[in-house]
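Visitor: Any chance you could fold what I've pasted below:
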Amino acid sequence: MILKFLYLEWKSFIRSASFSTNLALKIILGFLAVLYSFIFLMAGIGAFYGLKEMHLDPLQTVNKYLIYYFLLDLGIRLLLQKIPVMNIRPLLTLPFKRPTIVNFSIGKTLLSFFNFLHVFFFLPFTVILLIEGYDLLSVMLWHLAMVALVYINNFLNIILTNKDNIFTVFLVVVVILAGLQYYHFFTITDYTSGFFDGLFHTTWMFLLPVLVLLGLYYFTYNYLKTNLYLDAGLSTKHEIAKTEDLTWLNQFGTLGTFLKNDIKLIKRNKRSRTTVVMSILFLLYGFIFFRENSHQPEVMRIFAGIFVSGGFLFTFGQFVPSWDSSYYQLMMTQNISYKGYLSSKWWLIVIATFISTILSSFYLIYGWQVYLTIVVGAIYNIGVNSHLVLLGGAFTKTPIDLQSTKGAFGDKKAFNTSAMLLSLPKLLLPVLLYWAGSSILNFNLGLAFVAIAGILGFAFRDIVFSKIEKIYKTEKYKTIDAYKQKG
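Guide: Now for the predicted structure:
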């Protein structure tokens, strides 16, 4: 029966109308998987010898920070890892046993790359421990516990996947813990390192994560099996609708109508609310580049300025019109203006960029030059990048499930050459302009070059919008067809 399910999965993949797009995407993701596997492999090897050169006990030091390793892993899963379920509804009308369907669905999660990736860190680290003379039994029990903890995160991701705002709460907790430890108010590793050390030094403690893993599997199995009904677990959940007039936007005519729709979309749906959280996190990006001991090239400061002010632009703007994919066909049957539709998205991006620039004023602690860099980045985002993300949306035909927080960067993450080429001027052009100005005179001229590019983009906005509108009309039916596809 399992082989039959695998056969159906393969047929679903190759018969999809988006097969060629998904195939190109999977090739790219394959290269990325190899890259990250190599990084984890080098980390697993380098962790031992690097810490030893620093005159630290490798195992004890790794155990000390494993709490953050697994918390980070769980956070990434909550944000990115989708639960690979089958198209279950047709199967329920066939003579398949429910336990078989559930076990196959759970089995697909066990083979996820998010689990497999950790092998490249823990396996070489474990082998080196054995080569260096660590106790065989202790090392093997410790490694078994690490495997159990990896799969505990896998099942926690399944259980928490439908919980509203769980990623936001999780992120706040991790940031608070890391901040308290950084400023020496409370060091969580002092308490957790004892547990991870015990997994090595005590022969019975490995049973704790193993038993928790078995308990989570039993809970997940029963949860999925209980909800495997068309009229219960698989039915669409309807929430109580809340009336929001936003009548003050009526004064803007058609533009106000579209803005009201976008504001309601952001407030009412999980995925769109996640983008707001992500855009807030972009505000912290500058701490990587603006610190005195960041050791980053001066030219990369404008790169940070673009990101700090452009969080909403990158997380929301790059998926226009995918946010409306669930009712895009209906919209296209109405007598609406593409220019009005795109203008509403543009104004939403501009307002969010302006708000992000104001909120980032705390970077004044690093001086006026730093904040001026953020302001110039905002000008470039409004004048140039806002147009580029709208243009890229015409080619990135990625349906979005508004009720899912998974895949924050799109359901299919569709790969195409046009969208990829359009991403280059978003970040590389301002860096090149800043470098050119700094090389000719100083950083002020570099900022001036970037600001002038943004002002020129704003000045020619009407011409650019006309070109973008034509492209959207050309791609209209391809976009409609793409939004019909589920695979």
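Visitor: Going by C-alpha atoms from here, please, whenever you check contacts or count neighbours.
Guide: OK.
Visitor: got the buried residues for the host helix or strand of residue 104?
Guide: Assigned by DSSP states H and E, residue 104 falls within helix 98-110. For helix 98-110, the neighbour count (16 or more other C-alpha atoms under 10 Å) marks 98, 101-102, 104-106, 109 as buried.
Visitor: And for stretch 142-158?
Guide: In stretch 142-158, counting by 16+ other C-alpha under 10 Å, buried: 142-158.
Visitor: Looking at those, which are in helices?
Guide: 142-158 (DSSP state H).
Visitor: how about the residue of the chain most remote from its centre, secondary structure?
Guide: Most distant from the centre of the chain: residue 133, at 40.8 Å, with distances by C-alpha atoms, centre = their mean. What DSSP: H, G, I helix; E, B strand; the rest coil gives for residue 133 is coil.
Visitor: do you know how far residue 378 is from residue 384?
Guide: As for residue 378, its distance to residue 384 is 10 Å (criterion: C-alpha to C-alpha, to the nearest Å).
Visitor: picking that back up, go through the buried residues of helix 98-110 and say which is closest to residue 217.
Guide: Distance to residue 217, by C-alpha to C-alpha, is smallest for residue 106 among the buried residues of helix 98-110, at 8.8 Å.
Visitor: can you count the residues close to the nearest residue to residue 117 once chain neighbours are set aside?
Guide: Of all residues not flanking residue 117 in the chain, residue 37 sits nearest, at 6.0 Å (C-alpha to C-alpha, 6 or more residues apart in numbering). Neighbour count for residue 37, taken as other C-alpha atoms under 10 Å: 19.
Visitor: What backbone torsions are found at residue 37?
Guide: Note on residue 37: backbone dihedrals following degrees, to the nearest 10 are phi -60, psi -40.
Visitor: returning to that earlier point: which two in the buried residues of helix 98-110 are spaced the farthest apart?
Guide: Checking those with C-alpha to C-alpha, the most distant pair is 98 and 109, at 17.3 Å.
Visitor: Hmm, residue 122 and the residue nearest to residue 117 touching each other?
Guide: No. Using C-alpha atoms under 8 Å, residue 37 makes no contact with residue 122, being 11.7 Å away.
Visitor: low-scoring pLDDT stretches of the stretch 251-400 of the chain, where are they?
Guide: 251-256, 270, 292-296 (pLDDT under 70).
Visitor: show me where it has helices.
Guide: Along the stretch 251-400 of the chain, counting by DSSP state H, counting those that start in this stretch, helices occupy 254-268, 270-282, 286-290, 300-309, 311-315, 328-332, 338-359, 368-380, 386-393.
Visitor: Please name whichever of those is nearest to residue 432.
Guide: Residue 432 lies closest to helix 300-309 among the helices of the stretch 251-400 of the chain, at 9.8 Å (C-alpha to C-alpha).
Visitor: Go through that closest one and flag the buried ones.
Guide: Neighbour-count burial for helix 300-309 flags 300-309 (criterion: 16+ other C-alpha under 10 Å).
Visitor: Now do that helix against helix 270-282, angle only.
Guide: Calculated by axes from the mean of the first three to the mean of the last three C-alpha atoms, to 10 degrees, helix 300-309 forms an angle of 140 degrees with helix 270-282.
Visitor: can you give me the offset of helix 300-309 from its chain's centre?
Guide: Relative to the chain's own centre, helix 300-309 is displaced by 19 Å; criterion: C-alpha atoms, centre = their mean, to the nearest Å.
Visitor: Also stretch 348-358?
Guide: Here stretch 348-358 is found 21 Å from its chain centre; the criterion is C-alpha atoms, centre = their mean.
Visitor: Quick check: buried residues in it?
Guide: For stretch 348-358, the neighbour count (16+ other C-alpha under 10 Å) marks 348-350, 352-354, 356-357 as buried.
Visitor: any idea which helix or strand comes after the helix or strand residue 34 falls within?
Guide: Element membership for residue 34, per DSSP H and E: helix 19-53. Counting by DSSP H and E, the element after helix 19-53 in chain order, helix or strand, is helix 58-80.
Visitor: thinking again about what came up before, now distance to residue 137 too, for the buried residues of helix 300-309, in a markdown table please.
Guide: Putting the buried residues of helix 300-309 into a markdown table (distance: C-alpha to C-alpha, whole Å) gives the following:
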| residue | distance to residue 137 |
| --- | --- |
| 300 | 49 |
| 301 | 50 |
| 302 | 53 |
| 303 | 50 |
| 304 | 48 |
| 305 | 52 |
| 306 | 52 |
| 307 | 49 |
| 308 | 49 |
| 309 | 53 |
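Visitor: Name the nearest residue to residue 338, sequence neighbours excluded.
Guide: residue 469 (6.1 Å).
Visitor: And residue 41, how close does it get to residue 47?
Guide: From residue 41 to residue 47 the distance is 10 Å (C-alpha to C-alpha).
Visitor: same question, residue 454
Guide: According to C-alpha to C-alpha, residue 454 stands 45 Å off from residue 47.
Visitor: Pick out whichever of these two has more residues nearby.
Guide: A count of neighbours by other C-alpha under 10 Å puts residue 454 above the other of residue 454 and residue 47, at 23 against 18.
Visitor: pretty sure that one is touching residue 379, no?
Guide: Yes. Applying C-alpha under 8 Å, one finds residue 454 in contact with residue 379, separated by 5.3 Å.
Visitor: contacting residues for residue 45?
Guide: Contacts here follow C-alpha atoms under 8 Å, 6 or more residues apart in numbering; on that basis residue 45 touches 121, 124-125, 128.
Visitor: Please report the distance of residue 332 from residue 209.
Guide: In this structure, residue 332 and residue 209 are 53 Å apart, going by C-alpha to C-alpha.
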